[in-house]
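No sequence on hand, only this structure:
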């Protein structure tokens, strides 16, 4: 029984799509999930993309993924990494796959000389919070995620 | 009395630094603010940088800034923009400068074909929340900002 982690590559669009869709459903955000597998192929096939993904395999079978992007912190004045999603398919939970993915993201960040890895957590997700804290992350409460999109964005821009 | 907004350019490092430092102090994050003006010059002088800034001038005098970066949303499958900071110097507050900066960021997002602009707000900042909501943004409570950096990042990566 082994976990292995590899960089996502061209052709992984459909499996990433299935896994991230699963995450969206789990977060009650199914309506907002409009990405198509072919959208992911765009960054998977671009060696200079601003984002990327890791795939976790359990005995050679795709079991989970992490998606990341380049980011920047003005308070530090250096590039950082933003962790967008960690998803583990239901059949593969409680096997240490999320921890292995977080560790692989940390390695990638050190390799890329990123000053930090940051991400957002929903306050209700106490299980994920425990995992992150156990792996050395600081968790700051009381943040609000703000967004302008669609008609509201167009209106403000006009 | 006019507000004008322009893209930040090479040489704006020191004014951006003073403004973002002011914001860090206001947020009680003075200790975490380690950026130097010359760090900002690196992205200001790179036409392919992943981030950038806008400067607001009040009668020709630098009064505020907004910093942004390219981002990506896996649920949308498209590039977005992340708004890192909006800062207005104390002497220039209550003149509509923050709103003008937010509007300019929205314009830039539409120009760049970004699907959305997103940012984080501290829950205690009710004044900023009012401004964002009045300009059409959705504000989602209950998020936690997680971070791995320094020794904790090195440890997890090792």
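Looks like it came in fine. Please read all numbers here as calculations on a predicted model, not as lab measurements.

residues making contact with stretch A:128-144?
Outside stretch A:128-144, the residues within contact range by C-beta atoms under 8 Å, 6 or more residues apart in numbering or on different chains are A:98-99, A:102-103, A:120-121, A:123, B:120-124, B:129, B:139-148, B:152-153, B:155-156. All C-beta spots, glycine's among them, are computed from the backbone N, C-alpha and C.

For the spatially most central residue of chain A, name its beta-bridge partners.
Centroid-nearest residue in chain A, with C-alpha atoms, centre = their mean: residue A:85, separated by 2.2 Å. In this entry, residue A:85 is beta-bridged to residue A:67, by DSSP bridges.

What about the closest residue to residue A:1 other than its chain neighbours, how many residues nearby?
Spatial nearest neighbour of residue A:1, excluding adjacent residues (C-beta to C-beta, 6 or more residues apart in numbering or on different chains): residue A:59 at 6.3 Å. Residues lying near residue A:59 (other C-beta atoms under 10 Å in any protein chain shown) number 10.

Among the contacts of stretch A:128-144, name the ones in helices.
Counted as lying in helices by DSSP state H, out of those, are A:98-99, A:102-103, B:129, B:152-153, B:155-156.

circling back to that earlier point, how about the contacts made by the residue nearest to the centre of chain A?
Under the criterion of C-beta under 8 Å, 6+ apart, the contact list for residue A:85 reads A:20, A:23, A:65-67, B:74.

With residue A:38 instead?
Residue A:38 neighbours (C-beta under 8 Å, 6+ apart): residue A:13.

Is it in a helix, a strand, or coil?
Using DSSP: H, G, I helix; E, B strand; the rest coil, the three-state assignment for residue A:38 comes out as helix.

Relative to chain B, how far out is the closest residue to residue A:89 other than its chain neighbours?
In space, and not counting its chain neighbours, residue A:89 is closest to residue A:63: 5.7 Å by C-beta to C-beta, 6+ apart. Distance check for residue A:63 against chain B: by C-beta to the nearest C-beta, to the nearest Å, it reads 18 Å.

Off-centre distance for whichever strand or helix holds residue A:63?
For residue A:63, the element it lies in under DSSP states H and E is strand A:61-73. The chain centre lies 4 Å from the centre of strand A:61-73; the measure is C-alpha atoms, centre = their mean, to the nearest Å.

Same question for stretch A:48-68.
Relative to its chain's centre, stretch A:48-68 lies at 9 Å (C-alpha atoms, centre = their mean).

cool, stretch A:114-127 as well?
Distance, centroid of stretch A:114-127 to centroid of chain: 10 Å (C-alpha atoms, centre = their mean).
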